[in-house]
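Peer 1: Pasting the sequence and the predicted coordinates here, then a few questions.
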Amino acid sequence: MIFWAAPRFPAAADGTFYHRLASRLAIGAGYTWLWDDGAVTPAAHYPVGYPALLAGPYALFGASPTVAMALAGLLGTIAAVCTYRVAAREMRGRAPLLAGLLVALHPALLPYTVALMTEGVTASLLAIVLACREPRGGASPVRRLGLTLAASALGGLLVLVRPQNLLLLPFLALATSPPGSLWKQRLLRAALGPLLALAFVLPWTARNCREMHRCALVSVNGGWNLLIGAHATSGGWSPVPVPSACKEVWDEAGKDLCFERAAKKDIAEHPVSFLALVPRKLANTFEYVGAGGWYLHTSNPVAFPEHAKNVLGTIETIFLRCVLAMALFAQASRWGTGGRPARWKWAAAVAGVALVSATFGYLALAALAVRKRATPLEMTTAAAVLSTAAVHAVFFGAGRYALVVLPFVAVLAARAFSSRLPGLFSPSAALTASSERAKPVS
């Protein structure tokens, strides 16, 4: 993918800003913006995590989109291997291999390797964090400490890349708890894990307090996005006029704060209209992704014309619905009574939700994953879906924001082929069902 895309697709959309910010970090100019008139000002509108990740490779190999693509490809490769390892802890047979391949060759994730954007990197980092879990056989104190610090550092990096990942930190801490931990130990880890992760973020927060004159945790674009969300009649991004009270505010942090006040005022004056936009925002996020095709077409419409974008979008949509249906079937099959699995017909009916509405399908998958003995994969999937839905119900929706959910959905879909699951695709299930029918009625 990189070999084909590198000479054809320059940075585009928000990627142009990430590229310029990373280039300045790479030459030692700090996280600053160089204006056309030569003025240099500190920046914090875009989160620092992704440009900081690019800065090192840019300094070593040159500031080029090709280098950024290579970094995304490396992280994606590691994430595919980590996905296999995570799946192998919960599944048997060929299901873990299928899970890894579904993530590695995913038609929504793979083309997005080209994009200088944060969502694909976030999806990769989330998969890598899940692999930072102590193996079932236990670990030495040194290795246990190393895994904890690695999970915490990656959690801090996730927040620096996309601040909304802060909502996921407690669940990631739960998911990476050692096997066999008591609930008290898990809850303690869920409380302390985010604090350790935030320890990696606080130096940047202190920088914002000093340079931006506002103690923002990571970035100062929440007010801007909230204003867009308050006016997003289509549920997606759209340009908004600058409020009259903010036209003479030039400070970056001050302008964002002014936008936030204007957005809150609009919401308070029209709360029903704001709430009525929630279904459209969720539909924009979950019903159709199309992020890879959108970016390629935006970057170079000659090399990737509208027709190619539509073809890729069609393939992607069919794939996503099928994978979501399989994940729903696999998860619904785990819900039974008296220790017995659910009937496959009921599970198949639940899977049919994905064909009607992807939004309801993802929300149903999250609901089914919330159970007493939820596995780390189930906990992370539910947290990723619900946090994505909550954030973009308030702000605005776009298909690329659902990319962070897709690796976990793919792994749950692979579970349908696990010999541990008494489901439709498991050979042992058919034998069990046959033996049950052969028993005489007492």
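Peer 2: It's in.
Peer 1: in the stretch 151-300 of the chain, which ranges drop under the pLDDT threshold?
Peer 2: Within the stretch 151-300 of the chain, the stretches with pLDDT under 70 are 179-181.
Peer 1: Show me the helices in it, by range?
Peer 2: Secondary structure of the stretch 151-300 of the chain by DSSP state H, counting those that start in this stretch: the helices cover 169-175, 183-199, 202-211, 222-231, 252-269, 271-276, 278-286, 291-299.
Peer 1: Nearest to residue 388, out of those helices?
Peer 2: helix 278-286 (6.7 Å; CB to CB). Backbone N, C-alpha and C define where each C-beta goes, glycine included.
Peer 1: circling back to that earlier point, indicate which one of the helices of the stretch 151-300 of the chain is closest to residue 59.
Peer 2: Counting by CB to CB, residue 59 lies closest to helix 202-211 out of the helices of the stretch 151-300 of the chain; the figure is 19.1 Å.
Peer 1: Need the CA coordinates for that closest one. CSV is fine.
Peer 2: The C-alpha coordinates for helix 202-211 follow below in CSV (Å, rounded to 0.1, in the frame of the first residue of the first chain):
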residue,chain,number,x,y,z
LEU,A,202,0.9,16.3,32.7
PRO,A,203,4.2,17.7,31.4
TRP,A,204,2.3,18.7,28.3
THR,A,205,-0.6,20.2,30.3
ALA,A,206,2.0,22.2,32.2
ARG,A,207,3.4,23.5,28.9
ASN,A,208,-0.1,24.6,27.9
CYS,A,209,-0.6,26.4,31.1
ARG,A,210,2.6,28.3,30.5
GLU,A,211,2.5,28.9,26.7
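Peer 1: the inter-axis angle of that helix versus helix 183-199?
Peer 2: 40 degrees (axes from the mean of the first three to the mean of the last three CA atoms, to 10 degrees).
Peer 1: residues in contact with residue 370?
Peer 2: Residue 370 sits next to 378, 382 when contact means CB atoms under 8 Å, 6 or more residues apart in numbering.
Peer 1: I meant to write residue 174 there.
Peer 2: Contacts of residue 174 (CB under 8 Å, 6+ apart): 186, 189-190, 193, 376, 379.
Peer 1: Could I get the helices of the stretch 151-300 of the chain in a markdown table, plus columns for distance to residue 325?
Peer 2: A markdown table is the format used below for those (distance: least, CB to CB, whole Å):
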| stretch | distance to residue 325 |
| --- | --- |
| helix 169-175 | 24 |
| helix 183-199 | 32 |
| helix 202-211 | 41 |
| helix 222-231 | 30 |
| helix 252-269 | 36 |
| helix 271-276 | 29 |
| helix 278-286 | 14 |
| helix 291-299 | 21 |
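Peer 1: Would you confirm that residue 13 contacts residue 295?
Peer 2: Yes. Counting by CB atoms under 8 Å, residue 13 does reach residue 295; the two are 6.7 Å apart.
Peer 1: Which one, of the helices of the stretch 151-300 of the chain, ends up nearest to residue 354?
Peer 2: Closest to residue 354 of the helices of the stretch 151-300 of the chain, according to CB to CB: helix 278-286, at 10.6 Å.
Peer 1: Quick one: distance of the closest one to the chain centre.
Peer 2: Helix 278-286 sits 16 Å away from the centroid of its parent chain (CA atoms, centre = their mean, to the nearest Å).
Peer 1: residues in contact with it?
Peer 2: With CB under 8 Å, 6+ apart as the test, helix 278-286 has contacts from 229, 232, 234-236, 358-359, 361-362, 388-389, 392-393, 395-399, 401-402.
Peer 1: go on, stretch 216-228?
Peer 2: Residues outside stretch 216-228 that contact it (CB under 8 Å, 6+ apart) are 44-49, 159-160, 163, 166, 201, 204-205, 208, 212, 214, 237-238, 240, 243, 252-253, 256-264, 266, 394-396.
Peer 1: neighbours around residue 211, how many?
Peer 2: 17 (other CB atoms under 10 Å).
Peer 1: List the contacts of it.
Peer 2: Counted by CB under 8 Å, 6+ apart, residue 211 has contacts 42, 44.
Peer 1: Mind doing that once more with 6 Å?
Peer 2: Residue 211 makes contacts with residue 42, as judged by CB atoms under 6 Å, 6 or more residues apart in numbering.
Peer 1: Any figure for the gap between it and residue 44?
Peer 2: Note on residue 211: its distance to residue 44, by CB to CB, to the nearest Å, is 8 Å.
Peer 1: again, but for residue 134
Peer 2: Relative to residue 44, residue 134 is positioned 36 Å away (CB to CB).
Peer 1: Phi, psi for residue 34 please.
Peer 2: With angles defined as degrees, to the nearest 10, residue 34 sits at phi -100, psi 120.
Peer 1: any idea of the pLDDT on it?
Peer 2: Residue 34 is assigned a pLDDT of 90 by the prediction.
Peer 1: what do you get for the one 10 residues further on?
Peer 2: We note a pLDDT of 91 for residue 44 in this prediction.
Peer 1: Now that it has come up, it's in contact with residue 212, right?
Peer 2: Yes. Using CB atoms under 6 Å, residue 44 is in contact with residue 212, at 5.1 Å.
Peer 1: all helices of the stretch 301-442 of the chain, in order?
Peer 2: Applying DSSP H, counting those that start in this stretch to the stretch 301-442 of the chain gives helices spanning 306-332, 344-351, 353-356, 358-369, 376-394, 406-414, 427-438.
Peer 1: would a markdown table of the ones you listed with mean pLDDT and mean neighbour count be doable?
Peer 2: Output for the helices of the stretch 301-442 of the chain, formatted as a markdown table (pLDDT from 0 to 100; neighbours: other CB atoms under 10 Å):
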| stretch | mean pLDDT | mean neighbour count |
| --- | --- | --- |
| helix 306-332 | 93 | 19 |
| helix 344-351 | 78 | 18 |
| helix 353-356 | 87 | 17 |
| helix 358-369 | 92 | 22 |
| helix 376-394 | 92 | 22 |
| helix 406-414 | 93 | 28 |
| helix 427-438 | 40 | 11 |
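Peer 1: Ok, which of the ones you listed comes nearest residue 172?
Peer 2: Closest among the helices of the stretch 301-442 of the chain, using CB to CB: helix 376-394, at 6.8 Å.
Peer 1: what's the distance between that closest one and the middle of its chain?
Peer 2: Per CA atoms, centre = their mean, the centroid offset for helix 376-394 relative to its chain is 9 Å.
Peer 1: Make a markdown table out of the helices of the stretch 301-442 of the chain and add distance to residue 174.
Peer 2: Converted to a markdown table, the helices of the stretch 301-442 of the chain look like this (distance: least, CB to CB, whole Å):
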| stretch | distance to residue 174 |
| --- | --- |
| helix 306-332 | 18 |
| helix 344-351 | 25 |
| helix 353-356 | 27 |
| helix 358-369 | 13 |
| helix 376-394 | 6 |
| helix 406-414 | 14 |
| helix 427-438 | 30 |
